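Peer 1: This is a predicted model, with the sequence first.
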There are 2 protein chains.
Amino acid sequence: MTLDPDLFSDCLPGRPLIRIGDKWTTKIIVCLRDGPRRFGELIVPLRITAKVLTESLRAMERDGLITRTAYDTNPPRVEYALTPLGRTLLEPLAAICAWTAAHQPAVLEARAT
Amino acid sequence: MTLDPDLFSDCLPGRPLIRIGDKWTTKIIVCLRDGPRRFGELIVPLRITAKVLTESLRAMERDGLITRTAYDTNPPRVEYALTPLGRTLLEPLAAICAWTAAHQPAVLEARAT
DNA sequence: GTAGCCAGTTTCGTTGCGGTAACCGGCATA
DNA sequence: TATGCCGGTTACCGCAACGAAACTGGCTAC
């Protein structure tokens, strides 16, 4: 019982990470890695529904991870882009991706036995 | 529409990561960082219920991340420990923790405005 | 005038994670 | 006899994430 009950207070909040634990945030960030993208350019490769994509984008905008830019053209054109803050997430995300690529087979094998 | 629809197939499976997206796995791994721990030594600092802890431990055992060792004593004594595979998760997890420690204030500030 | 494009919104329903509370079985102590 | 400890199990429940489908609105092209 030697563990500090608040061991995680500054490192692992309620959820493992702000919006990193959910299904879509990480994928959206990876998708915006190479520059701004339009709504329709996110919805197709992510295979996400419009409603869930909108919700995710709004939440990430609130958190300062992305920006939303609407152009007053026709048909409407909206671009989403990573903020500098959002861009800082690419590095730890890459560490996670590397771990998955390296060890997922081992996990799947363990799960099978 | 230039993105490969299978962009994430080898990097970000259905969930962001095997059992990394959920609420407890990361905390359990951090908790076992310094050596084996008993059931009761996990349940107290994690502030988790017995049912959810049992479920999480079983799942992590299936995935080969931890081992469960039951000693035939009285009262019963069960120890959980990280496997070498589970231990490899500490490094990417540290990257996430570092990001959170560095940028969580910025996120909270963005959320407030 | 009708059809299509883009970026949504709305409604409704499903699923699954996590939580609460009660209970169990073997042993030890009072 | 009963009470407590340890490591669970079981039944039930609520909520938030997720999804499918239909609809909107402004503009353009046919």
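Peer 2: Yep, that arrived. Numbers count the residues shown, from 1 in each chain, chains lettered A, B, ... in the order given.
Peer 1: Going by C-alpha atoms from here, please, whenever you check contacts or count neighbours.
Peer 2: OK.
Peer 1: residue ranges of the helices in chain A, please?
Peer 2: Secondary structure of chain A by DSSP state H: the helices cover A:25-31, A:39-46, A:50-62, A:84-87, A:90-112.
Peer 1: quick one, the second one and helix A:50-62 angle?
Peer 2: Going back to what we said before, that points to helix A:39-46. Helix A:39-46 runs at 110 degrees relative to helix A:50-62, counting by axes from the mean of the first three to the mean of the last three Cα atoms, to 10 degrees.
Peer 1: Apart from its neighbours in sequence, what residue is nearest residue A:95?
Peer 2: Spatial nearest neighbour of residue A:95, excluding adjacent residues (Cα to Cα, 6 or more residues apart in numbering or on different chains): residue B:92 at 5.3 Å.
Peer 1: now residue A:77
Peer 2: residue A:71 (5.3 Å).
Peer 1: Relative to residue B:106, how far out is that neighbour?
Peer 2: 27 Å (Cα to Cα, to the nearest Å).
Peer 1: With residue A:113 instead?
Peer 2: 44 Å.
Peer 1: Residue of chain A closest to DNA strand D, please.
Peer 2: Chain A approaches DNA strand D most closely through residue A:23 (3.4 Å), counting by Cα to the nearest atom of the strand.
Peer 1: Are stretch A:105-113 and DNA strand C in contact anywhere?
Peer 2: No. Using Cα under 7 Å from any atom of the strand, stretch A:105-113 never reaches DNA strand C; the gap is at least 15.0 Å.
Peer 1: residues of that stretch that come out buried?
Peer 2: Residues of stretch A:105-113 classed as buried by neighbour count (16 or more other Cα atoms under 10 Å in any protein chain shown): residue A:107.
Peer 1: who's in contact with residue A:34?
Peer 2: Neighbour list for residue A:34: empty [criterion: Cα atoms under 8 Å, 6 or more residues apart in numbering or on different chains].
Peer 1: Give me the phi and psi for it.
Peer 2: phi -90, psi 10 (degrees, to the nearest 10).
Peer 1: per-residue confidence for it?
Peer 2: Looking at residue A:34, its pLDDT reads 92.
Peer 1: before we move on, back to that, thought residue A:78 was touching the residue nearest to residue A:77, still the case?
Peer 2: Yes. Residue A:71 is in contact with residue A:78 according to Cα atoms under 8 Å; the separation is 6.1 Å.
Peer 1: Which one of the two is surrounded by more residues?
Peer 2: residue A:78 (16 against 11; other Cα atoms under 10 Å in any protein chain shown).
Peer 1: which residues sit in contact with that one?
Peer 2: A:38, A:39, A:68, A:69, A:70, A:71.
Peer 1: gap between it and residue A:35?
Peer 2: 13 Å.
Peer 1: cool, residue A:86 as well?
Peer 2: 12 Å.
Peer 1: Among the two, which residue is more densely surrounded?
Peer 2: Neighbour tally, residue A:86 and residue A:35, criterion other Cα under 10 Å: the higher count belongs to residue A:86, 21 against 10.
Peer 1: what's the closest non-adjacent residue to the more buried one?
Peer 2: Nearest to residue A:86 is residue A:65, by Cα to Cα, 6+ apart, at 4.1 Å.
Peer 1: confidence score at the closest residue to residue A:107 other than its chain neighbours?
Peer 2: Counting by Cα to Cα, 6+ apart, residue A:107 lies nearest to residue B:63, which is 5.0 Å off, once chain neighbours are set aside. pLDDT, the model's per-residue confidence, is 93 for residue B:63.
Peer 1: for chain A, what helix or strand is lowest in average pLDDT?
Peer 2: The least trusted helix or strand in chain A, going by mean pLDDT, DSSP states H and E, turns out to be helix A:90-112, with a mean of 88.
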